[in-house]
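Colleague: A structural model of the following input is requested.
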Amino acid sequence: MTRRPPARRRSARRSARRPGRRRQQQDAQFVVLAVVAVVAVSVVVMVVNWLLAHWWLLLIAAVVAVLGGMAWWQQRAQRAQWERARARALRYGLAQLDALSHRQFEHAVRDLMRRDGCTDAVQVGGQGDLGADVKATDPLGRRWVLQCKHRRHGERGAPVGTPDLQVLNGTGRPVHQADVVVMVTNGRITQPGRTFAHQQRLHLVDRRLLASWAAGSRPLWELLAALPPPRRPSSLP
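Modeller: The predicted structure follows:
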């Protein structure tokens with residue numbers, strides 16, 4: 001009857017064989033990596049030698065790349081010029097603005113600010129906007145925060161009142177660090193709201209002023225009174 005070695009001895013033998021297998025695997029991986037490296041170097045050397053023998057192809061490729069880059073840059077400059085021309089020609093009628101959704105109305109106000117020269121104007125309205133729907137910096141360096149109140153029925157819609165203006169007043173300067181805080185609506189603003197806005201140095205763009213701004217070519221800061229002084233000299237011609 002054959003006696004089996006104790007379990008401890010069998011375990012020790014298996015442990016002795018494992019390092020050998022690992023070493024074989026490591027050696028095989030090293031050989032594969034060495035072969036790959038040699039092949040890669042050989043390919044690079046062949047490509048370099050071929051390019052040196054056909055240097056004129058490199059010259060042609062360089063000329064094509066330069067011409068392509070010049071054409072791309074010219075197209076980009078033309079596209080930017082077209083965009084600036086389109087922005088300067090941007091106009092909205094009240095009927096167009098009334099037909100917009102609230103978010104589209106915010107985008108329209110942003111585009112009008114860009115038309116006026118606020119190249120950094122952005123639409124930021126949404127959940128948690130803290131009273132700011134559009135932010136911009138005018139060419140005189142003043143920071144603007146605009147809250148937009150769109151009314152589907154225009155002047156027949158619910159008027160903007162003191163509570164809306166109180167929210168804007170509470171965040172426009174303390175939170176957003178704005179120099180100019182504006183309420184923009186395609187509807188009406190109540191008389192108590194106007195009184196509150198005057199007391200708190202808030203600027204109002206109601207339906208009448210919005211029509212003049214959106215359909216005209218004058219920037220908003222030329223239509224509003226009692227604006228703060230510029231932060232820097234004008235960049236406008």
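Colleague: give me phi/psi at His163?
Modeller: That one is not His; residue 163 is Pro. Torsion angles at Pro163 (phi, psi; degrees, to the nearest 10) stand at phi -60, psi -40.
Colleague: burial of it, as a residue count?
Modeller: Number of residues near Pro163 (other CB atoms under 10 Å) recorded here: 10. (C-beta placed from N, C-alpha, C; glycine too.)
Colleague: Can you name the next helix or strand after the worst-scoring helix or strand of the chain on mean pLDDT?
Modeller: The weakest-scoring helix or strand in the chain, judged by mean pLDDT, DSSP states H and E, is helix 55-88 (a mean of 69). With elements assigned by DSSP states H and E, the helix or strand that comes after helix 55-88 is helix 94-98.
Colleague: what separates that next one from the chain centre, distance-wise?
Modeller: Distance, stretch centre to chain centre, for helix 94-98: 27 Å (CA atoms, centre = their mean, to the nearest Å).
Colleague: quick one, helices of the protein?
Modeller: Under the criterion DSSP state H, the chain contains helices at 7-53, 55-88, 94-98, 102-115, 162-172, 191-199, 207-215.
Colleague: how near is the residue nearest the centre of the chain to Ser101?
Modeller: Nearest residue to the geometric centre of the chain (CA atoms, centre = their mean): Val122, 7.9 Å. Note on Val122: its distance to Ser101, by CB to CB, to the nearest Å, is 18 Å.
Colleague: Dump the helices of the chain to JSON lines, plus distance to Asp179.
Modeller: Output for those, formatted as JSON lines (distance: least, CB to CB, whole Å):
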{"stretch": "helix 7-53", "distance to Asp179": "59"}
{"stretch": "helix 55-88", "distance to Asp179": "23"}
{"stretch": "helix 94-98", "distance to Asp179": "26"}
{"stretch": "helix 102-115", "distance to Asp179": "14"}
{"stretch": "helix 162-172", "distance to Asp179": "10"}
{"stretch": "helix 191-199", "distance to Asp179": "16"}
{"stretch": "helix 207-215", "distance to Asp179": "19"}
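Colleague: Since that was my last question, I'll sign off now.
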